[in-house]
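*Asks:* here is my input, please return the structure:
(chains A and B)
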Amino acid sequence: GAGVSQSPSNKVTEKGKDVELRCDPISGHTALYWYRQSLGQGLEFLIYFQGNSAPDKSGLPSDRFSAERTGGSVSTLTIQRTQQEDSAVYLCASSAPGLAGSVTQYFGPGTRLTVL
Amino acid sequence: SQQGEEDPQALSIQEGENATMNCSYKTSINNLQWYRQNSGRGLVHLILIRSNEREKHSGRLRVTLDTSKKSSSLLITASRAADTASYFCATEGGSNYKLTFGKGTLLTVNP
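*Replies:* From the prediction side, this is the model:
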């Protein structure tokens, strides 16, 4: 079946602009995650959605970052007033319900964001 | 913050040889997972080992977990050029399933 998809695959923007990154999880997966991968920081957790529960936003680096998940499916990560340090690959993952300690996250191909 | 630390940072071997990568972590975990990444893009899940397991196999992959030492190893046997990639360990702890990744090992398998 179809895996996690993300769009766009690449995004180049100017400093100060807002950007929106989209993630389509695997159908039926109730959990959705956003991670960021940058040269300086490696792979970092950003935010986690599980069903209708309040999201875990503990990884968002600043209030310029926000994310929504509409209808329990598609998610959008928004970065306002982008800065050069926001340049990174943004990865989305989803997972099916499962026993704690046994859940596998499936990753999309990522969006490479470059802020000029 | 990074929890896992992979060792070595880079590994270059010949096709057919075995590759061993190690991962250490700092806090208690529910499970430890290994992922592969080609060309800096999507992560491919390789194997998950739960905290109450000590060893797990999947094809040419063998993973061990020593919770007393807070360490894990990934062994790839009979390596192939197609195994060339970055390999990351990731730990899951707590109740919200978020993964904490190490910095990865870049494996190069020379034909």
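*Asks:* output the contacting helices and strands for the lowest-mean-pLDDT helix or strand in chain A.
*Replies:* The helix or strand of chain A with the poorest confidence is strand A:42-50; it has a mean of 91 (mean pLDDT, DSSP states H and E). Packing partners of strand A:42-50 (3 or more C-beta pairs under 8 Å, 6 or more residues apart in numbering or on different chains; DSSP states H and E): strand A:31-38, strand A:65-69, strand A:75-79, strand B:99-101. C-beta here means a position set from N, CA and C on the backbone, and glycine is covered the same way.
*Asks:* list the neighbouring strands of the second one plus their orientation.
*Replies:* By that I understand strand A:65-69. Its sheet considered, strand A:65-69 pairs with strand A:75-79 (antiparallel) by DSSP bridges.
*Asks:* skipping adjacent residues, who's closest to the residue most central in space within chain A in space?
*Replies:* The centroid of chain A falls nearest to A:W34 when counting by C-alpha atoms, centre = their mean (2.8 Å). Nearest residue to A:W34, sequence neighbours excluded (C-beta to C-beta, 6 or more residues apart in numbering or on different chains): A:L46, at 4.2 Å.
*Asks:* now the one you found: how far from A:P25?
*Replies:* A:L46 sits 15 Å away from A:P25 when distances are taken as C-beta to C-beta, to the nearest Å.
*Asks:* who's more crowded, the two?
*Replies:* Comparing A:L46 with A:P25 by neighbour count (other C-beta atoms under 10 Å in any protein chain shown), the higher total belongs to A:P25, at 28 against 21.
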